[in-house]
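*Asks:* Quick one: sequence plus predicted model below, questions after.
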Amino acid sequence: MEITKKDMQIITALRQNARESLTKISRNTGIPVSTIFDKIKENPLITKSTCLLDFNQLGFNTRAKATIKVERGTREELRQYLSKHQNVNSLYKINSGYDFLIEVVFRNIKDLEEFMEHIRDRFQIIEDNVFYILEDIRREEFMADERLTPL
């Protein structure tokens with residue numbers, strides 16, 4: 001699939017603010033509203049529209065990413081568990097000796113530590129590493145500036 005300049009303008013506008021009205025995106029890009037609507041509807045690049053939350057404002061003051069290496073026999077069971085857990089924001093299958101990378105959000109460190117202890121007890125975890133997120137320096141900015149787009 002070839003990405004046109006119009007596609008890039010639309011993608012950039014949506015990356016900057018996915019809640020922006022199509023009319024305003026049209027005004028800013030010079031692309032007709034109907035074209036923007038059709039391209040968004042038909043474009044397989046756009047898989048989900050969402051919003052970024054300030055979890056601290058919601059009372060969730062602890063965020064972390066963790067790598068997990070698990071015994072092969074419980075890998076799928078852990079995957080299912082993590083896929084359905086309310087505090088798992090993102091779940092990835094990874095390489096380099098680990099099975100999963102998770103991003104989790106909790107109200108406090110104690111709750112996160114209890115969660116990690118629970119999965120260590122319930123599943124055959126070989127190794128895990130928890131990295132607390134202290135500050136967002138840059139988040140979800142890839143392709144949000146048309147001048148910096150790698151295409």
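*Replies:* Thanks, I have it.
*Asks:* Find the residue closest to the most centrally placed residue in the chain in space, skipping its chain neighbours.
*Replies:* What sits nearest the mean C-alpha location of the chain, by CA atoms, centre = their mean, is residue 90, with 5.7 Å. Distance criterion CB to CB, 6 or more residues apart in numbering; nearest residue to residue 90, sequence neighbours excluded, is residue 103 at 4.2 Å. The way it works is simple: take the backbone N, C-alpha and C, and place the C-beta from them, glycine included.
*Asks:* Now do the buried residues in the host helix or strand of the residue nearest to the centre of the chain.
*Replies:* Using DSSP states H and E, residue 90 falls within strand 88-93. Using 16 or more other CB atoms under 10 Å as the test for burial, strand 88-93 gives 88, 91.
*Asks:* Might you calculate how far it sits from the centre of the chain?
*Replies:* From the chain centre to the centre of strand 88-93 is a distance of 8 Å (CA atoms, centre = their mean, to the nearest Å).
*Asks:* So what touches it?
*Replies:* For strand 88-93, the surrounding residues in contact (CB atoms under 8 Å, 6 or more residues apart in numbering) are 63, 79, 82-83, 99-105.
*Asks:* which among these gets closest to residue 134?
*Replies:* residue 63 (9.0 Å; CB to CB).
*Asks:* residues in contact with the closest one?
*Replies:* 55, 89, 103-106, 132-133 are the contacts of residue 63 under CB under 8 Å, 6+ apart.
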